[in-house]
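next come a sequence and a model predicted from it.
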Amino acid sequence: EAGVAQSPRYKIIEKRQSVAFWCNPISGHATLYWYQQILGQGPKLLIQFQNNGVVDDSQLPKDRFSAERLKGVDSTLKIQPAKLEDSAVYLCASSLAPGLRTDTQYFGPGTRLTVL
Amino acid sequence: TQLLEQSPQFLSIQEGENLTVYCNSSSVFSSLQWYRQEPGEGPVLLVTVVTGGEVKKLKRLTFQFGDARKDSSLHITAAQPGDTGLYLCAGAKGGSTLGRLYFGRGTQLTVWP
């Protein structure tokens, strides 16, 4: 079974530029998550989708970050314009049944973003 | 402010030693998970504990969930170089935050041959 796919794996941009990340979850997983992991910290949830609807985006900086999940499968996360503090690894995860306490989130390899 | 505090932040030990990593909070969680993350990869789930006082063993790893479901520990017996990695605890609160995980900062473990 294929895992969660993310691209690109690395991205270097200058501040005020725009960037987009792509995620393809595990087939059949209705729930998709985007996390931000700053160096030395644990992942922080940015947004959670259930199919193509947003469940939780309370931690998403909406003035510069946006995300969409058209057709309830692939998802893109965009930053516009980027700031230096956005340098981090952006992780995508998917799961089958977030209503179960034993639900497992499967993570992709992440995209490492460096903002200069 | 982190909802889950992990300690220690860094741990460097020799092969064969035992170690314990702690994950503490003032909040109650419906379940708690432990992940291991290696460089350039996403976290991989090791275990989920859901009942207060629960103990789970995975080969040389022993996981415990506190009686009040506010804290957890990970104990590794006879550590090996292959155990090297970032260990993350993550708690789920359920209810309106269904599926959302709150991660600790992680413990970076290095096991030297």
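Good, I have the coordinates. Residues are numbered from 1 along each chain as shown, chains lettered A, B, ... in the order given.

from now on I want contacts and neighbour counts done on CA atoms only, so please keep to that.
Fine.

for chain A, what are the nearby residues on chain B?
Within chain B, the positions near chain A by Cα under 8 Å from any Cα of the partner chain are B:30-31, B:40-45, B:48-50, B:88, B:92, B:94, B:97-106.

and chain A, which residues reach chain B?
Residues of chain A lying near chain B (Cα under 8 Å from any Cα): A:40-45, A:48, A:56, A:91, A:98-99, A:101-110.

and the most centrally placed residue in chain A, helix, strand or coil?
For chain A, the residue nearest the mean C-alpha position is residue A:34 (2.6 Å; Cα atoms, centre = their mean). Reduced to three states with DSSP: H, G, I helix; E, B strand; the rest coil, the structure at residue A:34 is strand.

quick one: contacts for residue A:35?
For residue A:35, the contact set (Cα atoms under 8 Å, 6 or more residues apart in numbering or on different chains) comprises A:43, A:44, A:45, A:46, A:47, A:90, A:91, A:92, A:93.

from the residues of chain A next to chain B, which would you call buried?
The neighbour count (16 or more other Cα atoms under 10 Å in any protein chain shown) marks A:41-45, A:48, A:56, A:91, A:98, A:101-102, A:104-110 as buried among these.

of these, which belong to strands?
Counted as lying in strands by DSSP state E, out of those, are A:44, A:45, A:48, A:56, A:91, A:106, A:107.

what score does the closest residue to the second one other than its chain neighbours have for pLDDT?
Right, the one you point to is residue A:45. Closest residue in space to residue A:45, ignoring its immediate chain neighbours: residue A:35 at 4.4 Å, by Cα to Cα, 6 or more residues apart in numbering or on different chains. As predicted, residue A:35 sits at a pLDDT of 97.

need the residues that contact the lowest-mean-pLDDT helix or strand in chain B.
None of the helices or strands of chain B scores lower by mean pLDDT, DSSP states H and E than strand B:101-103, at a mean of 92. Residues outside strand B:101-103 that contact it (Cα under 8 Å, 6+ apart): A:42-45, B:2-4, B:88-93.

by pLDDT, give me the weakest of these.
Among the contacts of strand B:101-103, residue B:2 has the lowest pLDDT, at 74.

returning to that earlier point: where's the residue nearest to residue A:45 relative to residue B:28, distance?
22 Å (Cα to Cα, to the nearest Å).

could you give the bridge partners of residue A:49?
When bridges are called by DSSP bridges, residue A:49 pairs up with residue A:32, residue A:54.
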